[in-house]
Every structure is written in structure tokens, then in C-alpha cells.
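> how would this look folded up:
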Amino acid sequence: MNKHINWNGNVQPEAVEILTGAGGMIVSPTKVGYIIMTSDKAGLERKFTAKQRKRNKPGVVLCGSLEELDELAEMTPTIRKMYQEHWDQDILLGCILPWKASGKEKLPADGSQELMMDRRETSCFVIKFGKPSEMIAKELWEKEGQFAFASSANPSGRGNKGKVKNIGDRIESQADLIIEADDYVASIQPNETEQTRYEQGVMVSMVDEQGKLISEQVQAMEKQPVPVVIRKGLDVDKIMKIMSDLFWSWDYRQGAYY
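Take a look at the predicted model:
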């Protein structure tokens with residue numbers, strides 16, 4: 001198998017084969033650049049080693065369908081509606097949410113949980129991250145019953161600017177497969193350059209400091225905690241518009257999680 005392949009426009013079978021094996025780790029394109037995808041603890045350990053990344057950030061769960069999201073994460077009716085709006089409009093969205101007890105039980109019994117959740121037992125659940133990786137995640141969940149965990153494919157603190165050449169020598173050498181689609185990434189933000197395009201998705205916290213899900217809002221000027229946009233990114237203007245339509249109040253605090 002060639003390590004570097006061009007995206008075939010559909011589900012990449014080599015990627016599914018690797019990620020259904022023990023400790024698989026691939027690089028795959030999204031709307032905002034390249035990510036590392038893994039599906040078990042051994043793969044997550046390889047990801048941390050390849051990125052030389054600290055373990056204080058919440059794990060990212062790629063959801064290939066809203067049905068998968070429903071099975072895994074706790075949501076209020078309004079948060080679920082927010083996901084539906086973004087799904088229907090094909091907008092990348094990631095929210096920090098608590099896990100359902102039944103969702104935790106679906107995690108591999110190999111210790112993945114300690115690497116996928118922060119100290120509050122929350123993770124970032126992401127939808128509409130881009131067709132190449134979305135189709136892999138959907139295939140893994142629906143046909144193999146496996147997760148797709150993710151992190152950006154670049155040395156910690158440095159972006160890959162949507163170019164596979166920028167993922168870094170360390171990640172390039174340690175990945176089992178690298179799916180290339182620079183043109184796809186560029187097509188998502190056609191009016192931007194490598195220097196100006198967003199390299200990440202918006203992240204919204206839907207939990208309090210203890211990791212408890214925020215309450216359903218029933219009136220204006222709702223008391224804290226409220227939804228908090230903690231990272232700007234692709235389509236942040238559209239996401240804030242949707243949040244303004246759905247919630248009485250919410251905050252913007254860039255980097256608040258860290």
C-alpha cells in the first residue's frame with residue numbers, strides 16, 4: 001500500500017482498513033486542513049507522540065451523523081436544534097459536551113476514555129468537518145461500530161495551512177496513511193490564501209466549570225452558565241447568527257477553556 005494517496009472522492013477503503021486495525025493512525029483532509037485520525041487508545045498514544053502535544057485539551061470525537069451524536073452526548077433540546085441547523089446548512093461545528101453514560105459504554109475497553117475526556121469527563125463533538133474525513137467516520141461508526149478521534153495534523157502550536165507538505169516530518173514519518181486533497185481544502189475558503197484562511201473550526205462550550213451541561217434557557221438575560229464561544233474559526237459569523245436565533249444569551253471568550 002502506498003503511504004501517500006490522493007483522495008478518491010468517496011470513502012477511502014485503505015483508511016477504514018487501517019483504522020479498524022489496532023493502533024492505526026492516518027492523516028486525512030477536512031474543511032480547515034489536515035487532521036490525524038485514530039480509533040483506539042494505541043492510536044491516541046501514537047497521536048500524542050507524533051504531535052508532542054500536552055494532554056490538557058479535550059478530546060475530539062468526529063461524528064459522521066446526528067444519530068451517532070444522539071447516542072453519545074448529553075444535549076438540551078436547544079443544543080440539539082443548534083446541531084440540526086448546522087447539519088442542514090453544512091457548517092462545521094464543535095461543542096464541548098458531557099458524555100451520556102450509555103455513550104461511555106461504547107468506548108473501546110482499552111483505556112481510550114482517559115485520553116478522550118478532560119478531567120470533567122467532557123469531549124468536543126464535531127460535525128460537518130469535511131467530506132473526505134466525514135465519510136470515513138460514518139463508515140467506521142455505522143459498519144464497524146468504531147469511533148473516529150481527531151487532532152490537527154501539525155506539530156502542536158503550528159498550523160498546516162491546508163497543505164499536506166506542512167504536517168511536519170514527525171507526523172509524516174509516523175502516520176500509516178496520508179490522504180492528500182490540498183485542492184479540496186482550498187475550495188472551502190476560495191477567496192482566502194494560505195496566510196488568511198481559517199485553520200480550525202469554531203468550538204463552543206456547553207458545560208460549566210464542573211463539566212455539567214448548561215440548563216435550557218427559558219427567558220432573556222439567563223443566569224450563568226451560558227453557551228460560550230471559546231474558539232473562533234471557519235464560519236464563525238454564521239454560527240454566531242444561529243446562536244443568536246436560538247439562545248437568549250451567550251458569551252464570546254476566545255481561549256477560555258485553556
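
> Please count neighbours and contacts with C-alpha atoms only from this point.
Noted.

> burial of residue 95, as a residue count?
Per other C-alpha atoms under 10 Å, the neighbour tally for residue 95 reads 24.

> My error: substitute residue 161 in the last question.
Residue 161: 24 neighbours (other C-alpha under 10 Å).

> Next: residue 71.
15.

> buried sites along stretch 91-104?
Under the neighbour-count criterion of 16 or more other C-alpha atoms under 10 Å, stretch 91-104 has 91-99, 103-104 buried.

> just stretch 188-197 next, same as before
Buried, per 16+ other C-alpha under 10 Å, within stretch 188-197: 188-189, 197.

> How far away from the center of its chain is the lengthiest helix in the chain?
As assigned by DSSP state H, the longest helix anywhere in the chain is helix 131-144. Put simply, helix 131-144 sits 13 Å off its chain's centre (C-alpha atoms, centre = their mean, to the nearest Å).

> Please apply the same query to stretch 31-39.
On C-alpha atoms, centre = their mean, the centre of stretch 31-39 falls 8 Å from that of its chain.

> what does it contact?
Stretch 31-39 has contacts (C-alpha atoms under 8 Å, 6 or more residues apart in numbering) with 19-20, 23-29, 44, 47, 92, 129-130, 146-154, 160-164, 167, 184-185, 188, 198-201, 234.

> could you turn the helix or strand of the chain with the lowest mean pLDDT into CSV, dropping everything but the C-alphas?
One helix or strand of the chain scores below all others by mean pLDDT, DSSP states H and E: helix 112-116, with a mean of 90. What follows is helix 112-116, C-alpha atoms only, in CSV (Å, rounded to 0.1, in the frame of the first residue of the first chain):
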residue,chain,number,x,y,z
SER,A,112,-9.3,5.2,25.5
GLN,A,113,-11.6,7.1,27.9
GLU,A,114,-8.7,8.7,29.8
LEU,A,115,-7.3,10.1,26.6
MET,A,116,-10.6,11.3,25.1
